[in-house]
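Chemist: below are the sequence and a predicted model for it; my questions follow.
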Amino acid sequence: MTLHPTKFKRLLIVSYRLPFAIMRTEEGLSIRQNSGGLVSAVLSMAERMGNSENLPFEKIHWIGHSDADFQDVPPALLENDNFVVHPVYLDPELNRGFYEGFCNDCIWPLFHYFTSYASFADTYYQDYEQANARFLEKVAALVEPGDLVWIHDYQLMLLPGLLRASVPHATIGYFFHIPFPNYDIFKLIPRAWRQALLEGILGADVVGFHTTDYVQHFQQSVSDVLSLPIINQRVVLPDRSVLVQDFPISVDFNKFSLAGQTAPVSELRKTYKRLLRRNRIIFSVDRLDYTKGIRERLLGYERFLIQHPEWHNRVTFVMTVVPSRDKITHYQELKREIEEAVGRINGLFGTIGWRPVVYSYLSLSFEELVALYTGCDVALITPIRDGMNLVAKEFVASRNDGKGVLILSEMAGAARELTEALIINPTDTQEVASAIQQALEMPAREQRERLEKMRTHLAVYDVFRWTYRFLSTLQDVAISEPALQTN
Ligand code: GDG
């Protein structure tokens with residue numbers, strides 16, 4: 001599986017978020033690395049560039065959003081060894097309607113099956129159209145023959161279609177990072193919008209999802225809304241066809257597998273264990289989001305503590321919630337509910353010397369994250385709905401000591417691959433409580449055997465495989481369709 005360096009010269013990634021945030025400090029402008037699933041995946045790939053003949057691109061050109069306030073950023077700040085960044089400047093008001101509105105107050109809840117949270121304001125959709133058109137201006141001005149354009153995620157569903165109309169011979173891939181819901185959910189979107197969203201996505205040559213379920217849901221929507229035939233995984237349009245396939249995203253297995261042994265991580269791990277009085281540790285980390293099942297997880301832990309007094313004083317749940325979208329009402333309410341539940345559990349069971357839940361609302365450094373992945377006994381990952389969930393894969397990749405148990409929700413895309421985890425339904429409080437007990441009491445041998453199977457899978461299906469599979473499929477499709485040849 002290789003890419004064709006002679007035919008395709010540049011990789012253009014287009015996503016809402018850039019890999020770096022531009023900040024204004026007292027010393028002037030500076031950049032800070034962003035986190036999140038997509039950024040983690042592409043940064044790993046970028047770190048390998050130059051050292052791998054499979055990655056022929058010299059630099060990745062990355063087009064993403066920035067506040068209009070930063071239009072005075074000097075070009076030198078927008079380039080490093082791996083990336084050239086091309087910001088799309090959006091006014092705060094447009095960004096509010098587009099990103100906080102249509103993306104995160106309509107599509108995000110709807111596509112995660114939180115239908116009652118979804119708001120269908122006309123102005124949101126108008127801002128979404130306008131913002132996608134602003135991305136188009138930037139991409140269309142940049143794209144050249146021989147470029148691969150890889151567009152990401154639900155913020156940019158219209159962009160592939162806009163780009164196809166503006167640059168008909170462009171080679172366009174599109175990857176969807178969240179679940180694509182079944183048709184009953186998708187058809188809640190007003191008729192004209194849902195048609196435009198599907199036509200937008202079908203502007204790409206290859207459309208990728210994490211799982212075969214999402215592929216099937218998308219195909220059913222295409223067939224019901226647009227009445228287009230689907231033959232051999234291809235949506236057949238009058239002048240061309242679009243390949244729709246699953247490409248499960250993954251993690252940099254080697255990086256996580258080795259990270260636990262570095263001196264800073266070992267030091268941190270020792271410190272955490274000492275601070276937690278050598279208690280057994282249950283760990284979770286997620287962005288603040290109602291889809292992640294944080295409330296439900298706390299109920300499961302509370303039930304476990306009620307049913308198992310023998311574990312009091314001997315176990316600590318380290319729960320980190322990473323600040324996210326906290327300007328949106330549902331997120332503010334969720335934060336309050338989480339903090340109430342943590343307070344209730346600590347009040348009910350805690351003593352002067354023991355806090356059952358150690359909760360923080362902050363972002364961890366990479367070393368802190370790995371120290372917790374490798375220092376914990378149980379990773380408790382209970383989303384109500386999650387496209388993939390990279391935290392589960394990172395935990396497994398980190399455990400080259402063969403210790404630790406993964407409890408994983410069946411509603412995460414990752415559950416399709418990590419079948420040796422203790423798979424639970426996140427709304428079943430008793431099942432979560434029982435899985436915690438089973439995990440804490442699991443014999444070392446069983447832990448090792450379960451981890452080994454999942455690690456063998458991730459060692460092969462790592463993030464590089466994901467990128468190569470997607471990009472080489474895109475190239476093959478572009479080369480085999482004469483109408484789409486770029487030279
Ligand atoms: C979306 C989809 C899909 C988290 N907290 C910290 C931190 N992280 C990193 C993790 C991981 C990433 O952020 C989170 O990825 P997830 O996949 O778990 O979740 P989403 O952000 O919701 O991502 C998801 C993903 O896209 C990729 O397609 O899997 O389903 O919702 O890499 O390590 N990193 C650091 N400190 C933290 O506190 N350093």
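Modeler: Yep, that arrived. Residues are numbered from 1 along each chain as shown.
Chemist: now do the SS call for residue 316.
Modeler: Following DSSP: H, G, I helix; E, B strand; the rest coil, residue 316 is assigned to strand.
Chemist: interface residues of the stretch 51-200 of the chain facing the ligand?
Modeler: Within the stretch 51-200 of the chain, the residues that sit near the ligand (C-beta under 6 Å from any ligand atom) are 177-178. C-betas here are computed from N, CA, C, even on glycine.
Chemist: strands of the stretch 51-200 of the chain, residue ranges please.
Modeler: When assigned using DSSP state E, counting those that start in this stretch, the strands of the stretch 51-200 of the chain occupy the ranges 60-67, 83-90, 147-152, 171-175.
Chemist: quick one: the last one to chain centroid distance?
Modeler: Computed by C-alpha atoms, centre = their mean, to the nearest Å, the separation of strand 171-175 from the middle of its chain amounts to 17 Å.
Chemist: direction included, what does it pair up with?
Modeler: Strand pairing for strand 171-175, determined by DSSP bridges: strand 147-152 (parallel), strand 206-209 (parallel).
Chemist: distance to residue 470 and mean neighbour count for these - can I get that in TSV?
Modeler: TSV is the format used below for the strands paired with strand 171-175 (distance: least, C-beta to C-beta, whole Å; neighbours: other C-beta atoms under 10 Å):
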stretch	distance to residue 470	mean neighbour count
strand 147-152	7	24
strand 206-209	6	26
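Chemist: which of the strands of the stretch 51-200 of the chain is buried the deepest?
Modeler: strand 171-175 (a mean of 27; mean count of other C-beta atoms under 10 Å).
Chemist: which residues are contacting it?
Modeler: 8, 147-153, 160, 163-164, 201, 203-209, 247, 470-471, 474-475, 478, 484, 486 (C-beta atoms under 8 Å, 6 or more residues apart in numbering).
Chemist: how about the nearest residue to the residue in the chain that the ligand sits nearest to, chain neighbours excluded?
Modeler: Of all residues in the chain, the one sitting closest to the ligand is residue 37 (2.7 Å; C-beta to the nearest ligand atom). Excluding the flanking residues, the one nearest residue 37 by C-beta to C-beta, 6 or more residues apart in numbering is residue 390, at 4.9 Å.
Chemist: that neighbour and residue 375: what is the separation?
Modeler: 19 Å (C-beta to C-beta, to the nearest Å).
Chemist: hang on, the earlier thing: of the strands paired with strand 171-175, which is nearest residue 417?
Modeler: strand 206-209 (14.0 Å; C-beta to C-beta).
Chemist: rewinding a little: out of the strands of the stretch 51-200 of the chain, which is closest to residue 332?
Modeler: strand 60-67 (21.9 Å).
Chemist: just name the shakiest helix or strand of the protein by mean pLDDT.
Modeler: Sorting the helices and strands of the chain by mean pLDDT, DSSP states H and E puts helix 37-48 at the bottom, at a mean of 74.
Chemist: okay, strands next: where are they in the stretch 351-487 of the chain?
Modeler: Under DSSP E, counting those that start in this stretch, the stretch 351-487 of the chain gives strands at 357-361, 378-381, 405-409, 422-424.
Chemist: dump these to CSV, plus distance to residue 452.
Modeler: Shown next, in CSV, are the strands of the stretch 351-487 of the chain (distance: least, C-beta to C-beta, whole Å):
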stretch, distance to residue 452
strand 357-361, 30
strand 378-381, 16
strand 405-409, 13
strand 422-424, 16
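Chemist: quick one: which of those strands is nearest residue 71?
Modeler: strand 357-361 (32.1 Å).
Chemist: name the residue most distant from the centre of this protein?
Modeler: residue 352 (38.6 Å; C-alpha atoms, centre = their mean).
Chemist: backbone dihedrals for that residue, please?
Modeler: Dihedral angles of residue 352 (phi, psi; degrees, to the nearest 10) stand at phi -60, psi -40.
Chemist: for the strands of the stretch 351-487 of the chain, could you give me JSON lines that also reports mean pLDDT?
Modeler: What follows is the strands of the stretch 351-487 of the chain, written out as JSON lines (pLDDT from 0 to 100):
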{"stretch": "strand 357-361", "mean pLDDT": "98"}
{"stretch": "strand 378-381", "mean pLDDT": "98"}
{"stretch": "strand 405-409", "mean pLDDT": "98"}
{"stretch": "strand 422-424", "mean pLDDT": "98"}
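Chemist: of those strands, which is nearest residue 464?
Modeler: Between these, strand 405-409 lies closest to residue 464; by C-beta to C-beta that is 22.4 Å.
Chemist: what's the mean pLDDT across stretch 167-180?
Modeler: What stretch 167-180 shows for mean pLDDT is 97.
Chemist: now the end-to-end length of it.
Modeler: 27 Å (C-alpha to C-alpha, to the nearest Å).
Chemist: repeat that for stretch 234-253.
Modeler: Stretch 234-253 end-to-end distance (C-alpha to C-alpha) = 32 Å.
Chemist: quick one: that stretch to chain centroid distance?
Modeler: So, by C-alpha atoms, centre = their mean, the centroid of stretch 234-253 is 18 Å from its chain's centroid.
Chemist: next one: stretch 379-395
Modeler: The mean C-alpha position of stretch 379-395 is separated from the chain mean by 10 Å, C-alpha atoms, centre = their mean.
Chemist: give me every residue in the stretch 251-400 of the chain lying close to the ligand.
Modeler: So the stretch 251-400 of the chain meets the ligand at 285, 287, 322, 363-364, 366, 369, 386-391, 394 (C-beta under 6 Å from any ligand atom).
Chemist: same list (those) but as TSV, adding neighbour count and pLDDT.
Modeler: Listed next are those as TSV, based on neighbours: other C-beta atoms under 10 Å; pLDDT from 0 to 100:
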residue	neighbour count	pLDDT
285	22	98
287	18	93
322	17	94
363	15	92
364	15	95
366	15	93
369	23	97
386	28	98
387	26	97
388	25	96
389	24	96
390	22	95
391	26	97
394	24	97
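Chemist: tell me the buried residues in stretch 320-328?
Modeler: When burial is assessed from 16 or more other C-beta atoms under 10 Å, stretch 320-328 yields the following buried residues: 320-322, 324-325, 328.
Chemist: ok, these vs residue 44, which is closest?
Modeler: Using C-beta to C-beta, those come closest to residue 44 at residue 322, 19.1 Å.
Chemist: give me the below-cutoff pLDDT ranges for this protein.
Modeler: 1-8, 35-36, 47-56, 481-487 (pLDDT under 70).
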